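Enquirer: Next input, structure requested:
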Amino acid sequence: MRNSVFAFKEFSVNQDKCSMKLGTDSVLLGAWAKSDKAKRILDIGTGTGVIALMLAQRTDAEIDAIDIEYAAHVQAKENFSESKWHDRLKSFHCSLQEFTPSKKYDLIISNPPYFPLPKSHQEREGTQARYTHLLSFSDLAEHVVRLLSSKGKFYVIFPIHEGAMFTNEAEKRELFLTNYVWVKTTSRKKFPKRILMEFGFSEKKDMDDSMIVIQSENKFTEEYKNMTKGYFSQF
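Expert: As a prediction, the model looks like this:
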């Protein structure tokens, strides 16, 4: 997914300007999120805008997308303008902390930064997409709570350890884990690499312990194909 233009079934994503290129995490998250009832959607850290475009394809929602990196905002705006849903997609160049819309959202989604910034790392354009120095887990949880409607859902993907850390911050603010799916990149891996997570304001005690495996024997699994077939022509 590193080509400068990636073509999906119903839209294309240019990624020549954006430091964070299109990846499997974003595609998984966009495909997994339950969006059928959403009328207003917010994509935090939109990057190329791929998740917003995926949700636009299967909803009638008004979708706002924000990114603190100017090049990413420009890239997303370009990709939105070239799509057939351009009238429902808006890109904003601002931080989550500074974003003050007039209404709350039924669905918020994010493939957020999760690496701590090394002390020796030089601040430069593009680090915002990978490191938490400008969007900590506590800030993410706090502002999702601020922007999410009372019956809304927040969808996010994390590595396993970071997912547990974010869950702790969310629960401090009475935002509760309501569904999750473990993700293994290949069947050869012993442990999952990522966790897809759904949060809401109503606590849910019983959740299915489910797993998706992306590849087995160097081929995409049927479960991954079924999840993403609405977007990939080869499936």
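Enquirer: neighbouring strands for the one helix or strand in the chain whose mean pLDDT sits lowest, and are they parallel or not?
Expert: Ranking every helix and strand in the chain by mean pLDDT, DSSP states H and E puts strand 5-7 at the bottom, with a mean of 92. Using DSSP bridges, strand 5-7 pairs in its sheet with strand 12-14 (antiparallel).
Enquirer: ok so, going back, can you mark which positions in the least confident helix or strand of the chain are buried?
Expert: residue 6 (16 or more other C-beta atoms under 10 Å). The way it works is simple: take the backbone N, C-alpha and C, and place the C-beta from them, glycine included.
Enquirer: do the same with stretch 106-116
Expert: Under the neighbour-count criterion of 16+ other C-beta under 10 Å, stretch 106-116 has 106, 107, 108, 109, 110, 111, 112, 113, 114 buried.
Enquirer: what's the least confident helix or strand of the chain in contact with?
Expert: 12, 13, 14, 15, 16, 22, 233 (C-beta atoms under 8 Å, 6 or more residues apart in numbering).
Enquirer: how about a cut-off of 10 Å?
Expert: The contact list for strand 5-7, computed with C-beta atoms under 10 Å, 6 or more residues apart in numbering, reads 12-16, 21-22, 27, 48, 50, 79, 232-233.
Enquirer: about what we covered before: among the buried residues of stretch 106-116, name the ones in strands.
Expert: Among those, the residues falling in strands (DSSP state E) are 106, 107, 108, 109, 110.
Enquirer: Which members of the contacts of strand 5-7 are classed as buried?
Expert: Among the contacts of strand 5-7, those classed as buried by 16+ other C-beta under 10 Å are 13, 14, 15, 21, 22, 27, 48, 50, 79.
Enquirer: Sort those residues by pLDDT and name the bottom one.
Expert: Least confident entry in those, by pLDDT: residue 21, with 81.
Enquirer: Helix, strand or coil: sort out it for me.
Expert: Secondary structure, DSSP: H, G, I helix; E, B strand; the rest coil: residue 21 is coil.
Enquirer: Distance-wise, check it relative to residue 27.
Expert: 12 Å (C-beta to C-beta, to the nearest Å).
Enquirer: With distance to residue 148 added, can I get the buried ones among the contacts of strand 5-7 in JSON lines?
Expert: Shown next, in JSON lines, are the buried ones among the contacts of strand 5-7 (distance: C-beta to C-beta, whole Å):
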{"residue": "13", "distance to residue 148": "26"}
{"residue": "14", "distance to residue 148": "30"}
{"residue": "15", "distance to residue 148": "28"}
{"residue": "21", "distance to residue 148": "28"}
{"residue": "22", "distance to residue 148": "26"}
{"residue": "27", "distance to residue 148": "23"}
{"residue": "48", "distance to residue 148": "24"}
{"residue": "50", "distance to residue 148": "22"}
{"residue": "79", "distance to residue 148": "25"}
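Enquirer: can you name the two of those residues that are farthest apart?
Expert: 14 and 27 (16.1 Å; C-beta to C-beta).
Enquirer: picking that back up, can you put the ones in strands among the buried residues of stretch 106-116 in a markdown table and add pLDDT?
Expert: Shown next, in a markdown table, are those (pLDDT from 0 to 100):
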| residue | pLDDT |
| --- | --- |
| 106 | 97 |
| 107 | 98 |
| 108 | 98 |
| 109 | 98 |
| 110 | 97 |
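Enquirer: Can you give me the distance of residue 137 to residue 156?
Expert: Residue 137 is 10 Å from residue 156, by C-beta to C-beta.
Enquirer: Common neighbours of those two, please.
Expert: Residues touching both residue 137 and residue 156 (C-beta under 10 Å, 6+ apart): 112, 114, 162, 163, 166, 167, 170.
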